[in-house]
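Asks: pasting the sequence and the predicted model now:
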Number of protein chains: 2
Amino acid sequence: MSQFAPMPEPPYYAVIFANQASATPQGYAEMVQAMLDCAAEIPGYIGIESSGNTDGFAVTVSYWDSEEAIKTWRNHSKHQVAQKIGRDRWYDNFQLRVARVERQYDMKAHG
Amino acid sequence: MSQFAPMPEPPYYAVIFANQASATPQGYAEMVQAMLDCAAEIPGYIGIESSGNTDGFAVTVSYWDSEEAIKTWRNHSKHQVAQKIGRDRWYDNFQLRVARVERQYDMKAHG
């Protein structure tokens, strides 16, 4: 399965989430997968691109139709539980930015 | 050294670069480092957050003060050489998006 997200016509929104996971995040992989499955059911979800270093630093970008979709996801009950566990246990640090995608291209196109 | 980028007051710009590297990209790590060093010298460069999976899929987000800074970086001579080699040899695929950062928070703040 492609690890790239779809590219609908801009504008749309990106949530850029960089995190440093703590040393041994038990249950983390399972929770990430559960969150991915859950996000995909939110209306306005476009897709996700995510990668992680072996030292626990990871960059995940999720894409959304609108600010409203992001808000829906942020306030989703299962996601709120995961956010709390993340802050309490899994993350040494994170940074989150919400950005409006304005233009884009891929390898086939000249940018 | 922190793998997180600085968070100046929005708005500023993010270049979200997702790529799938080909199987054995010789010289790739060296070129990436050279490009990071080079980007850091461009006026308007803020920082970078990057991670990569062991299968070669990577997400790199660079941050810039302005669209002009992004354009300067895109047209930089050494970067242009790397872009060409990337297309010809290193990347099976990539997607690039330019986005305007509108809001942000980190682990210490409530978002």
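Replies: Structure's in. What do you need?
Asks: can we go C-alpha only for contacts and neighbour counts from here?
Replies: Will do.
Asks: measure residue A:26 to residue A:32 for me?
Replies: Separation of residue A:26 from residue A:32 (C-alpha to C-alpha, to the nearest Å): 11 Å.
Asks: average model confidence for stretch A:75-83?
Replies: Stretch A:75-83 carries an average pLDDT of 92.
Asks: the top strand by length along chain A pairs with which strands, and in what direction?
Replies: Ranked by residue count and defined by DSSP state E, the top strand of chain A is strand A:91-106. Neighbouring strands of strand A:91-106 in its sheet, by DSSP bridges, are strand A:12-21 (antiparallel), strand B:91-106 (antiparallel).
Asks: tell me which of these is the most buried.
Replies: Among those, strand A:12-21 has the highest mean neighbour count (mean count of other C-alpha atoms under 10 Å in any protein chain shown), at a mean of 23.
Asks: just after the lowest-mean-pLDDT helix or strand in chain A, pick out the following helix or strand.
Replies: Of all helical and strand segments in chain A, the minimum by mean pLDDT, DSSP states H and E falls on helix A:28-39, at a mean of 89. On the C-terminal side of helix A:28-39, the nearest following helix or strand under DSSP states H and E is strand A:45-52.
Asks: and that following strand, what other elements does it pack with?
Replies: With contacts defined as 3 or more C-alpha pairs under 8 Å, 6 or more residues apart in numbering or on different chains; DSSP states H and E, strand A:45-52 has these neighbours: strand A:57-64, strand B:45-52, strand B:57-64.
Asks: what about 10 Å?
Replies: Using 3 or more C-alpha pairs under 10 Å, 6 or more residues apart in numbering or on different chains; DSSP states H and E, the elements in contact with strand A:45-52 are strand A:12-21, helix A:28-39, strand A:57-64, helix A:67-74, strand B:12-21, strand B:45-52, strand B:57-64.
Asks: that concludes my questions; thank you for your assistance.
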